[in-house]
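J.: attaching a predicted model along with its sequence, questions to come.
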Amino acid sequence: DGGITQSPKYLFRKEGQNVTLSCEQNLNHDAMYWYRQDPGQGLRLIYYSQIVNDFQKGDIAEGYSVSREKKESFPLTVTSAQKNPTAFYLCASSIGGRGGSNEQFFGPGTRLTVL
Amino acid sequence: QKEVEQDPGPLSVPEGAIVSLNCTYSNSAFQYFMWYRQYSRKGPELLMYTYSSGNKEDGRFTAQVDKSSKYISLFIRDSQPSDSATYLCAMSSYNQGGKLIFGQGTELSVKP
């Protein structure tokens, strides 16, 4: 079955630690996205990538980093510089291209808690 | 002012009711409109997709877009307890580089 997988489902981090969230897709999509979701605030875009080896900052990129070395994979690192990292993190992908349909398909999410 | 506004609710209705969920937006360039359903602690799933103005129906769900009023709606007929979820509207324009702008979501509860 084609889809998007995220791991782990739950992640606990001590203050001052960097952690990396995994996102893999087998939909052959060019574009991938990372969102953060906090209660009552909808989805906020952290980073996105329209093609391998290229990515752009979203609205709340500070304290996060990404890489896009393979089409299927778009890992997100939450660094110690992120002041309030406890949140639900969602990865999504879409066919891509600068125009046309922008339907995004989401993974199941990773819930990160800072202890 | 946010680009997309959505009443956060919560909205509680009895089983069988017709539900109306709405979003307003300010960017007249938006032409792709989506509704996502998100169950608690899960990723959003795409429910409806509409291009430009008009209506689209899929089973008990109808999506409406009124570009002249910058207003979109999702109607759920014969609502079921399994429809209890958060509903997110999302939209984009042709030159947005694939980015979607999301509403903050409306939490719906359908009581048996």
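T.: Okay, I see it.
J.: what bits of chain A have low per-residue confidence?
T.: Within chain A, the set of residues satisfying pLDDT under 70 comprises A:1-2, A:97-101.
J.: residue numbers of it in contact with chain B?
T.: A:4, A:6, A:31, A:33, A:40-43, A:45, A:48, A:50, A:56, A:58, A:88, A:90, A:94, A:96-109, A:111 (C-beta under 8 Å from any C-beta of the partner chain). All C-beta atoms are positioned from the backbone trio N, CA, C, and that covers glycine.
J.: give me that answer again for 7 Å
T.: A:31, A:40-43, A:45, A:48, A:50, A:90, A:94, A:96, A:98-99, A:101-109 (C-beta under 7 Å from any C-beta of the partner chain).
J.: helices of the chain, residue ranges please.
T.: Chain wasn't specified; assuming chain A. Counting by DSSP state H, chain A forms no helices at all.
J.: can you check chain B too?
T.: Under DSSP H, chain B gives no helices.
J.: all strands for it, in order.
T.: Assigned by DSSP state E, the strands in chain B fall at B:4-6, B:11-14, B:19-25, B:32-38, B:45-51, B:54-58, B:61-66, B:71-76, B:85-92, B:101-102, B:106-111.
J.: please identify the most buried of those.
T.: Highest mean neighbour count among the strands of chain B (mean count of other C-beta atoms under 10 Å in any protein chain shown): strand B:85-92, with a mean of 24.
J.: ok, and what's touching it?
T.: A:42, A:102, B:4, B:6, B:21, B:23, B:25, B:30, B:32-39, B:44, B:72, B:74, B:99-103, B:105-108 (C-beta atoms under 7 Å, 6 or more residues apart in numbering or on different chains).
J.: and that strand, how far out from the chain middle?
T.: 5 Å (C-alpha atoms, centre = their mean, to the nearest Å).
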